[in-house]
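Trainee: okay, predicted coordinates and the sequence, questions at the end:
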Amino acid sequence: MKRISKDDVKHVAELAELKFGEKDIEKITSQLDRILDHVANINSVNTEGIQPTSHILDIKNVFREDMVEESVTQEFALKNAPDEANDGFKVPKID
Amino acid sequence: MKNEYEPVIGLETHVELYTNTKMFCGCRLSFGEEKNIYTCPVCLGHPGSLPVINKKAIEYAAKIALALNCKIRKYTIFHRKNYFYPDMPKNYQISQYDLPLGVGGYLDIDIGSYIRRVGITRVHMEEDTGKLLHKGITGRISESEASIVDFNRAGTPLIEVVTEPDIRSPEEAKEYMIVLRNLILFLDVSDCSMEEGSLRCDANVSVRKTGEDKIGTKTEIKNLNSFKFLQKGLEYEVKRQIKVLEAGGGIIQQTRHYDSKTGTTKVLRSKEEAHDYRYFPEPDLVPIYIEDKMIEDIRKTIPELPSAKAKRFEKQYGLPKYDSSFLANNKSLADYFEQCCRHYNNAKNIAKWIMGDFSALLNKEKMTIKDSRVTPENLCKMLEIIDKGKINYKIAKSVFEEMFSTGKNPQKIIEDRGLEQISDEGLLEAVIEEVIKDNPGPVKQFKEGKDKAIGFLIGRVMAKTKGKANPGMVNEIIIKKLS
């Protein structure tokens, strides 16, 4: 069963800033279709009377108090920066 | 603006909360310090780190939602908003989507001749982004070679207040922002500084022929970061849209940037790939169930709000409507006024001084009443002294100026400078005799029926007594003597 079109794949790829050739798009479309088929199996489960949830764990209201904890140093923060300048993370020019 | 068109405006306002720490981690909030000193693995988006919700931020957000007459959702969750922009290290922002904290509220805006009720669609919670500084000579994105990111602000608790498209003019939009800002200041949850960016506003605007129900294609205007720019930017955009439509063109849905230097709006980006942020429930955070008790506890922390306060001032103190709103709209003025009312019973007189000479000096010195050296007790003492006829208004003004700069007690200032009003009949009579003798011309004019001449004679008496004579008594005695 066709659950996804080539246009859908192109659209999603664009949103994810990914670029594919026509051949890849075709391959990905059929692969994604099979994945969606597999996931669709869940529809066969009877969910009547079951509350929808957004989280797999049955817990709620996990909060922290508004207490200051120590931050990492600037040096540590910038250690993982791809590039740095003027005490900041240097990133390519934005179009 | 052509009358046959009416603007349809909705506003989205972002408010940074002033909690001690960020929304999902214990990093301190920053106030323009060195770059990247308040970060941690959570707000830097390091793999394996987990966000935990700041309880205070939820309380503050609920406080805003309740004050805007919203219904608080019992079940609320966070979503991931995915986008590509380096202001967030995670490549997504934790925000809320279809289950926001507050929904269906309103805010009434008094425009003077009418009240506009602006519907509040939603109040939701999210985290603020980092700051991008564009490296290059001009500081403009288009001419910079690279950007520098400062993540101090990333993760600051942020509230978004979204209105219905109920606003019908740029002026109403400005008034809405003033009222909203004031309301949030009263709630004591944000400093609402438009200059510092803790209160920011975007507008959705379209125009339609008056009487039509259908809403036209809208544009989104960014960078409206002062009340003035909000009004000016919208005025420009409304005119622009009308011109396009009049020329037979169509409005293109796009995001535009307001340029305060030219007073115009320019295209920032087109919304062809319209807002597909691929939201999905944030798996790192568990749902929030807000119990009724929590809502009631938060409701109790909401103080009397400006509109209710203004109504009470009118009723309780008999102030005119204008004075009541003027005082009630500024929390520190309102508190000061009421403190004074405890010491002195002529509320109108207190209001007159606070709104008049006192405010003038505060504005001149760019101070707030809270920083002033004049205590409510001393202001009231001065008013009593005036009431007893010991000093007149002119002298009182000078006494008040000294109280303002030194914080001294008015009685002491009057004694030290020998300013007490002369109300001794004998003494005044002696001075008046002298003035009558020295000014036969005006005396003759007065006797001939030129009432104005008395002003000159009173002026002479005041000059001779260095302004200290009781003007009422002087007037009376002169008339008695000359008739």
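Mentor: Arrived safely. Nothing here was measured: the structure is a model prediction, and the numbers come from that model. Residues are numbered from 1 along each chain as shown, chains lettered A, B, ... in the order given.

Trainee: what is the rounded mean pLDDT of stretch B:160-179?
Mentor: Average pLDDT, stretch B:160-179: 97.

Trainee: where do the helices of chain A begin and end?
Mentor: Ranges of helices within chain A are A:6-15, A:22-40, A:74-79, based on DSSP state H.

Trainee: can you put these in JSON lines and add mean pLDDT and mean neighbour count?
Mentor: In this view, the C-beta of every residue, glycine as well, is placed from N, C-alpha and C. Shown next, in JSON lines, are the helices of chain A (pLDDT from 0 to 100; neighbours: other C-beta atoms under 10 Å in any protein chain shown):
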{"stretch": "helix A:6-15", "mean pLDDT": "90", "mean neighbour count": "14"}
{"stretch": "helix A:22-40", "mean pLDDT": "94", "mean neighbour count": "13"}
{"stretch": "helix A:74-79", "mean pLDDT": "96", "mean neighbour count": "16"}
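
Trainee: is it possible to get a markdown table of those that adds distance to B:A463?
Mentor: Below are the helices of chain A laid out as a markdown table (distance: least, C-beta to C-beta, whole Å):
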| stretch | distance to B:A463 |
| --- | --- |
| helix A:6-15 | 83 |
| helix A:22-40 | 96 |
| helix A:74-79 | 69 |
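
Trainee: residue nearest the centroid of the chain?
Mentor: Since no chain was named, I'll use chain A. A:A16 (9.1 Å; C-alpha atoms, centre = their mean).

Trainee: I was after chain B.
Mentor: For chain B, by C-alpha atoms, centre = their mean, the most central residue is B:N182; offset 4.6 Å.

Trainee: tell me how far the helix or strand containing B:E296 is from the chain's mean position?
Mentor: Element membership for B:E296 (DSSP states H and E) is helix B:292-300. How far helix B:292-300 lies from its chain's middle: 27 Å, per C-alpha atoms, centre = their mean, to the nearest Å.

Trainee: give the buried residues for that helix.
Mentor: Residues B:M294, B:I295, B:I298 are the ones in helix B:292-300 that count as buried (16 or more other C-beta atoms under 10 Å in any protein chain shown).

Trainee: quick check, nearest of the residues you listed to chain A?
Mentor: Using C-beta to the nearest C-beta, B:M294 is the member of those that sits closest to chain A, with 9.3 Å.

Trainee: spatially nearest residue to that closest one (excluding sequence neighbours)?
Mentor: B:A62 (7.7 Å; C-beta to C-beta, 6 or more residues apart in numbering or on different chains).

Trainee: around chain B, pick out the residues from chain A.
Mentor: Contact residues (C-beta under 8 Å from any C-beta of the partner chain) of chain A with chain B: A:14-15, A:17, A:53-57, A:59-74, A:77-78, A:80, A:85-94.

Trainee: mark which of those residues are part of strands, please.
Mentor: Using DSSP state E, the members of these that fall within strands are A:F63, A:R64, A:A85, A:G88, A:F89, A:K90, A:V91, A:P92.

Trainee: buried members of these into ChimeraX, please.
Mentor: Selection of buried members from those for ChimeraX, criterion 16+ other C-beta under 10 Å:
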select /A:64,88,89,90,91
